[in-house]
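Trainee: Provided below are the primary sequence and the corresponding predicted coordinates.
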Amino acid sequence: MKLVSVIIPVYNTGEFLRECISSVLKQTYNELEILLVNNGSTDDSLEIINQFQLQDDRIRCFNFEERIGVGAARNYAIKKSQGNYVYFLDSDDYLPENTIKFLIDHIKEGSLIRGKMKNSNYSSSFAIVYHGLFNLKHFTEAKYALLKNYSATNFLIAKEFIKENDLKFSENIDVYTDVNFMIDALIQVETVPYVKEALYFKRRRNDSVRNPSLSQLSIENKVNDFLTMYIEQKGKHSQDFLANKYLDTHFLNFYRKHLISYFSKESSIDECFSLLVEAAQKLDYITLNTYDRILKQEMKPIYQNKKNSYKSVLRRHNFIRDLKKGIKSKRNFYKYIYEKIFTKLPINHKLVFFESFGGKNYSDSPKYIYEYLNKNNSEITSVWSFKEKTKIPGNSKQVKKQSLRYYYKLAKAKYWVTNARMPNSIKKRDNCIYIQTWHGTPLKKLAGDLDNVSMPGTNPVTYKRNFSNETAKWDYLISPNEYSSRIFERAFWFKGELLEYGYPRNDILYNRNSPEEINALKTKLNLPLDKKVILYAPTWRDDEYYSKGNYKFSLKLNLHEMQQSLGDEYIIVLRMHYLIASNLDISEYPSFVFDFSNYNDISELYLVSDILITDYSSVFFDYANLKRPVLFYTYDLEKYQNQLRGFYLNMYEDLPGPLLETSKELLDAIENIDLINQNYAERYEAFYERFCSFEDGKASSKVVENIIK
C-alpha cells in the first residue's frame, strides 16, 4: 500500500484541532503519516499536538517557536515527508472517514486528484456516501475552477511529481500562499480527475473577529498579498493561456468585489497604488475587454500610473454606484441622503439622540438619563426615536424610526444614547459621542463568546462581524458591575471607555423604594393594594421564532393550580421579553393574572413585586438590588445551556435562589418562600456584593455630569 503524508500546519486552532486530527486518525485508509507543524501558536495547540503524538506513532510533530507562515510550514513538511503522496489539510477543517481512501482508489497512475470541498458552520458534519456509485469527472480546460478558493487542500498529489516540478508554496506572503504551488502543478497536467465522494469539510470559523481564518481576514490584511501574488504569477506564467485567464479573471473580480469599496477611503489608494499599477500593467486586455465599460475606464488611469486621474474617475463612478443603490428603495434613499448630505452638515453640540430597544418604547436606561438631563440641564435639547408616536415627559422632539427626519437628527446630534444596537449600515460621525447603556448584566453568553448562533436570518460569522462593526462605534459603555465589565470588554471586542456607574434604570430601585411610592405605583398600574405581587419575567429562546426579531413563547405556568393555592394572597404579573411576539391568553384569570408585557418600564414592575420568577433573563441581576426573593423556573435548562446559549455563571452554585423544573416545584417554593429566604440568605448576600456594588441610585447623574456637557 502507498503511504500518504497528511500535512497539517497549525496556528492558534486549539479550539478545532482535536476534531481535525481525530478525523485523520479515523480514516479507513490506514497507511498514513501525519505531519503536524506548530507554526508559533500562542494558544494550547502545541499541548494538543503533543498529546496526540503520544497516542499514535503515525504522528510526527515539528515545532517552530516563532510563526513562519503557512507557506513555509508546508514547504518544510514536504521536505520531511516520507510518503508516496502528499495531502494538505487545514487545522480547523475535518474529513469524513473515507476521504483519503476514495482519493487513493481513483488516482491510479495520475499525478494528482481532487475531492469535493463542502463548507460547514458546525462543529462536526457527516456525509453518507454509497459505494459503487462513483462518477469520476475530469477537468481539462476548466481545471483552474478547482482553484477557485485559492487552496491546495483536498488535493492528493504524488510526492515524486512535487519533487520533479519543484513545487513550492509562497513564503513572502501570508494569504494566497497556495496559488504558486497549485498553478505550477496544474500547468504540468492536461487534466485533473475529480471525485465528489471524497469530501472535505471547510469550516467557517464562528469568530471571524477574534480568531479569523486567513480567508476571513479583513481586506486591509489581504490586498497587498493578493496583488503581490498576482504580479509574481503573471511574471512566471504569462505564456500559459489558461493560467493567465484564471489570474486575470480573479484580479478583476477581486478589484470589483473588494478594492472599489476599500478605496472609498482615498488614503487606502495611496497605500497600495504602486502595487496596483504594476498589477494592471500585467493584465491581458483580451480578458478586460469582456468586462463592462466602467471597469475599463477605471483600469486605464491605473495602467497609466495616474493616481489623481484614477481618484477622480473612481469618485465619479462611486457617486453613480451609490445613487443607483440609493434609488432602489425609500430606505436606501434616506441612507444615501444621510451619508452624502446630512453628515456633511455642522453638528449640533447641544443635541442628544435617544432610543430604547430599537425605538419600541420609552424605557430602560435611556429613559432615566433623559429624565435627569431634562430636569438638570436646560441648555441641552433632546430627540427620541420611536416606531410609533409615544407620550413622554418634557419638551423632547420625536422622530419616526427610519424616516428622513430620523436620519437628519442622527447626523446632527452630538450624542447618541441607546441600549441596543443601531442599524449596522449607519455610520457614526467622528465627532459624535455614542453612549451605549446596554440592557442587562449577562447571564447567557453574548456576541463574541457565542459558539453557535441559532437566530433566524444570520449565521455565526455574519452575526459576530456585524456586532463587532457596531461595538467599534461605541465611545462609552455603561457597566453595572466588575463582572460585566470583563465580559463586555471580551464579548463585545470593546476598546472604548467603560462607565462603571451601575445602570441608570436601577436608580429608581434606590430612590423610590418606599411603601408610599410602591402603593402609588400599584394604583397607577390598577393593581390591588391588598395583594402581594409575583412578577414572572422570562427570556426568549433563540430557536423558537415566527420570523427574524419575532419570537414565540409558550407559557409553562399552571395558572389554574396557582390561582387555587395562591389567589387569596397573591396576584401574578407577566412581563415577557421585548422580542417575544406571542399573544398570551389569560382571559380565564381576570383578577389573578395581569399581562404587562407591553408596559415600558420593567423597573417599576420590580418595585411593586414581592417575588420574581425568571429563567435565564438578566432581570434577576437588577431585581437583586431590592434584596427580594428570586425563583428560577428552568424547565428547559439542559437544552438552553448546552444547545442554545450557554452561561457565564454556574447555575447550580451562583444564583441567589433555587432552580425549579416543574410548575409544582415552583408552587411549593412560593408557599414556602420564608424558608427559601432563610436557606439562600448567605448566597444572596454574596450575590448582592458581587453584582450590585456599583449601584447607588446616581448612575443617571454621573452619565450626564461626566459625559453630556
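Mentor: That came in fine, so what should we check first? Residues are numbered from 1 along each chain as shown.

Trainee: residue 336 is in contact with residue 322, isn't it?
Mentor: Yes: counting by CB atoms under 8 Å, residue 336 does reach residue 322; the two are 6.1 Å apart. Every C-beta, even on glycine, is put in place using the N, C-alpha and C of the backbone.

Trainee: for residue 435, give its distance to residue 473.
Mentor: 11 Å (CB to CB, to the nearest Å).

Trainee: higher neighbour count, these two?
Mentor: residue 435 (24 against 17; other CB atoms under 10 Å).

Trainee: only alpha carbons, please: show the helix or strand harbouring the more buried one as CSV.
Mentor: Using DSSP states H and E, the element containing residue 435 is strand 433-436. The C-alpha coordinates for strand 433-436 follow below in CSV (Å, rounded to 0.1, in the frame of the first residue of the first chain):
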residue,chain,number,x,y,z
ILE,A,433,-20.2,60.6,21.0
TYR,A,434,-22.0,57.2,21.2
ILE,A,435,-23.1,56.2,24.8
GLN,A,436,-24.2,52.6,24.8
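
Trainee: show me the contacts for residue 655.
Mentor: 620, 630, 632, 649, 683, 687 (CB atoms under 8 Å, 6 or more residues apart in numbering).

Trainee: quick check: it vs residue 245, distance?
Mentor: Counting by CB to CB, the gap from residue 655 to residue 245 is 63 Å.

Trainee: just the element for residue 367, please.
Mentor: Per DSSP H and E: helix 364-376 holds residue 367.

Trainee: immediately after that helix, which helix or strand?
Mentor: strand 381-386.

Trainee: tell me the gap between that following strand and the middle of its chain.
Mentor: Taking CA atoms, centre = their mean, to the nearest Å, one finds strand 381-386 lying 29 Å from the centre of the chain it belongs to.

Trainee: pLDDT below threshold where in the stretch 1-150 of the chain?
Mentor: For the stretch 1-150 of the chain, applying pLDDT under 70 flags the ranges 121-134.

Trainee: and for the stretch 401-550 of the chain?
Mentor: Across the stretch 401-550 of the chain, the ranges flagged by pLDDT under 70 are 453-457, 460, 540-550.

Trainee: which stretches of it form helices?
Mentor: 404-412, 460-471, 482-491, 507-511, 515-524 (DSSP state H, counting those that start in this stretch).

Trainee: nearest to residue 238, out of those?
Mentor: helix 460-471 (36.8 Å; CB to CB).

Trainee: what residues sit buried inside that closest one?
Mentor: Buried residues in helix 460-471, counted by 16 or more other CB atoms under 10 Å: 460-461, 463-465, 467-468, 470-471.

Trainee: quick check, residue 230 in contact with residue 247.
Mentor: Yes: under the criterion of CB under 8 Å, residue 230 makes contact with residue 247 at 6.0 Å.

Trainee: ok, the two, which is more surrounded?
Mentor: Remark: of residue 230 and residue 247, residue 247 carries more neighbours, 27 against 23, as counted by other CB under 10 Å.

Trainee: using the three-state scheme, assign that one.
Mentor: When classified by DSSP: H, G, I helix; E, B strand; the rest coil, residue 247 comes out as helix.

Trainee: contacts only, for it.
Mentor: By CB under 8 Å, 6+ apart, residue 247 lies in contact with 183, 230, 233-234, 237.

Trainee: where's the dip in pLDDT among those residues?
Mentor: Minimum pLDDT for the contacts of residue 247 is recorded at residue 237 (90).

Trainee: can you classify the closest residue to it other than its chain neighbours by secondary structure?
Mentor: Excluding the flanking residues, the one nearest residue 237 by CB to CB, 6 or more residues apart in numbering is residue 243, at 4.2 Å. Three-state call for residue 243 (three-state DSSP): helix.

Trainee: what does the residue nearest to residue 359 when sequence neighbours are not counted show for phi and psi?
Mentor: Take residue 359 and drop its neighbours on the chain: the residue closest to it by CB to CB, 6+ apart is residue 401, 3.8 Å away. Main-chain torsions, residue 401, degrees, to the nearest 10: phi -60, psi 140.

Trainee: ok, residue 193 next?
Mentor: Backbone torsions of residue 193, given as degrees, to the nearest 10, read phi -70, psi 150.

Trainee: from residue 154, how far off is it?
Mentor: 13 Å.

Trainee: and those two? Which one has more around it.
Mentor: residue 154 (27 against 18).

Trainee: touching, the more buried one and residue 113? I think so.
Mentor: No: with contact defined as CB under 8 Å, residue 154 does not reach residue 113; the gap is 9.4 Å.

Trainee: shared neighbours of the two, anything?
Mentor: residue 198.

Trainee: how about CSV for the helices of the stretch 401-550 of the chain, with distance to residue 106 added?
Mentor: Converted to CSV, those look like this (distance: least, CB to CB, whole Å):
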stretch, distance to residue 106
helix 404-412, 59
helix 460-471, 33
helix 482-491, 46
helix 507-511, 70
helix 515-524, 75
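
Trainee: looking at those, which is closest to residue 314?
Mentor: helix 460-471 (23.3 Å).

Trainee: that closest one: how far from the chain's middle?
Mentor: 4 Å.

Trainee: tell me which other helices or strands it touches.
Mentor: Using 3 or more CB pairs under 8 Å, 6 or more residues apart in numbering; DSSP states H and E, no helix or strand is in contact with helix 460-471.

Trainee: between it and helix 482-491, how many degrees?
Mentor: 110 degrees (axes from the mean of the first three to the mean of the last three CA atoms, to 10 degrees).

Trainee: can you give me the end-to-end distance of stretch 425-438?
Mentor: Start to finish, the residues bounding stretch 425-438 are 19 Å apart (CA to CA, to the nearest Å).

Trainee: what's that stretch in contact with?
Mentor: Residues outside stretch 425-438 that contact it (CB under 8 Å, 6+ apart) are 335, 338-339, 343, 347, 364-366, 369, 410-411, 413-420, 471, 473-479, 488, 499, 503-505, 703, 707-708.

Trainee: go through those residues and flag which are in strands.
Mentor: The strands, defined by DSSP state E, take in 413-418, 476-478, 499 from the contacts of stretch 425-438.

Trainee: could I get the full set of strands for the stretch 151-300 of the chain?
Mentor: Using DSSP state E, counting those that start in this stretch, the strands of the stretch 151-300 of the chain run over 155-158, 192-203.

Trainee: name the stretch among those strands that sits most buried.
Mentor: Ranked by mean neighbour count, these are led by strand 155-158 with a mean of 24 (mean count of other CB atoms under 10 Å).

Trainee: convert that strand to PDB, retaining C-alpha atoms only.
Mentor: What follows is strand 155-158, C-alpha atoms only, in PDB (Å, rounded to 0.1, in the frame of the first residue of the first chain):
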ATOM      1  CA  PHE A 155      -5.800  17.600  -3.500                       C
ATOM      2  CA  LEU A 156      -3.900  14.300  -3.200                       C
ATOM      3  CA  ILE A 157      -0.600  14.800  -5.000                       C
ATOM      4  CA  ALA A 158       2.200  12.400  -5.900                       C
END
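
Trainee: list the contacts of residue 646.
Mentor: By CB under 8 Å, 6+ apart, the contact list for residue 646 reads 444-445, 450-451.

Trainee: an error on my part: the question was meant for residue 562.
Mentor: 572, 592, 663, 667, 670.

Trainee: ok, and the most crowded of those residues?
Mentor: That'd be residue 572 among those, by other CB under 10 Å, with 24 neighbours.

Trainee: domains of the protein?
Mentor: Domain assignment of the chain by automatic domain parsing yields the ranges 4-206, 221-326, 347-422+431-440+453-505, 508-691.

Trainee: mind putting the ones you listed in CSV, distance to residue 699 included?
Mentor: Formatted as CSV, the domains of the chain follow (distance: least, CB to CB, whole Å):
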stretch, distance to residue 699
domain 4-206, 34
domain 221-326, 37
domain 347-422+431-440+453-505, 4
domain 508-691, 10
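
Trainee: not counting sequence-adjacent ones, nearest residue to residue 652?
Mentor: In space, residue 652 is closest to residue 659, 6.9 Å off (CB to CB, 6+ apart).

Trainee: how near is the one you found to residue 635?
Mentor: Applying CB to CB to residue 659 and residue 635 gives a distance of 10 Å.

Trainee: lovely, talk soon.
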